[in-house]
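Trainee: give me a model of this one.
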Amino acid sequence: MADAHDTRNLVEASIGFRPCEPEDLPLLKGWIACPHVAEWWESPEDFEAQYRLSPDDVDWYVAQLDGRAFGMIQSYRWADHREYGGAIGAGPHEAGLDYLIGEERLTGRGLGRAMLAVFIDRHVRAMPGVRGIRVDVQETNVRSWRCLEALGFQRVLAGVTVPGEPGLRFVYSAQL
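Mentor: Predicted coordinates:
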């Protein structure tokens, strides 16, 4: 009989990522319009503009489980986003992440934690010069900050306001 650790390893082995392409925008916009995501992300129209105008230093990925899209993750270096990074105390050798699980039926099952763990191992650790990760989440986004805590991230700031972002934020950090 498989224990929880074996099951987690099977899930993590089934997770993959592919670069997000313009053809993915309808899928991503649909996810962002879902109530379980919309609360934490800008409107689908704003998201499309953000994607299209995104600087080259932001890498967008579609997360897949057994080849089927279920979420999105983006990564960047805080050194390339100094104003925002400065607001959350990010250092020049830290990366930032934004993520979502688009398929509501897959939420609450630990898939977000597995997605982040795999992405950090496969992508963030491979970023030259990156020695840590700093992520900000809305204080009210309990699922997101619990996911980070389950991965060993430490809350380093609370009650932070960030230019252009609604609500107060928690800031989490992890060393690689």
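Trainee: going by C-alpha atoms from here, please, whenever you check contacts or count neighbours.
Mentor: OK.
Trainee: immediately after the longest helix anywhere in the chain, which helix or strand?
Mentor: Assignment by DSSP state H gives helix 111-122 as the longest helix of the chain. Counting by DSSP states H and E, the next helix or strand C-terminal to helix 111-122 is strand 132-138.
Trainee: can you check what angle separates that following strand from helix 111-122?
Mentor: 150 degrees (axes from the mean of the first three to the mean of the last three CA atoms, to 10 degrees).
Trainee: show me what strand 132-138 is packed up against.
Mentor: Identification of packing neighbours for strand 132-138 by 3 or more CA pairs under 8 Å, 6 or more residues apart in numbering; DSSP states H and E yields strand 94-101, strand 169-175.
Trainee: among those, which is nearest residue 48?
Mentor: Among the helices and strands packed on strand 132-138, the nearest to residue 48 by CA to CA is strand 94-101 (15.2 Å).
Trainee: tell me where the chain has helices.
Mentor: Using DSSP H, helices in the chain cover 4-13, 25-33, 35-38, 44-53, 82-87, 111-122, 142-150.
Trainee: looking at those helices, which is closest to residue 165?
Mentor: helix 82-87 (9.8 Å).
Trainee: next one: that closest one to chain centre, how far?
Mentor: From the chain centre to the centre of helix 82-87 is a distance of 18 Å (CA atoms, centre = their mean, to the nearest Å).
Trainee: alpha carbons of that helix, in CSV - could you do that?
Mentor: Once non-C-alpha atoms are left out, helix 82-87 reads as follows in CSV (Å, rounded to 0.1, in the frame of the first residue of the first chain):
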residue,chain,number,x,y,z
ARG,A,82,13.1,47.0,-8.3
GLU,A,83,10.1,49.3,-7.3
TYR,A,84,7.8,46.4,-6.6
GLY,A,85,10.6,44.3,-5.2
GLY,A,86,11.7,47.1,-2.9
ALA,A,87,8.2,47.4,-1.5
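Trainee: that helix packs against which elements?
Mentor: By 3+ CA pairs under 8 Å, 6+ apart, helix 82-87 packs against no helix or strand.
Trainee: may I see the buried residues of it?
Mentor: Neighbour counts over helix 82-87 (16 or more other CA atoms under 10 Å) mark 84-85 as buried.
Trainee: give me the low-pLDDT residue ranges for this protein?
Mentor: 1-11, 44, 53, 55 (pLDDT under 70).
Trainee: how close does residue 123 sit to residue 72?
Mentor: Using CA to CA, to the nearest Å, residue 123 is found at 14 Å from residue 72.
Trainee: and of the helices of the chain, who's closest to residue 101?
Mentor: Here helix 111-122 is closest among these (CA to CA), at 6.6 Å.
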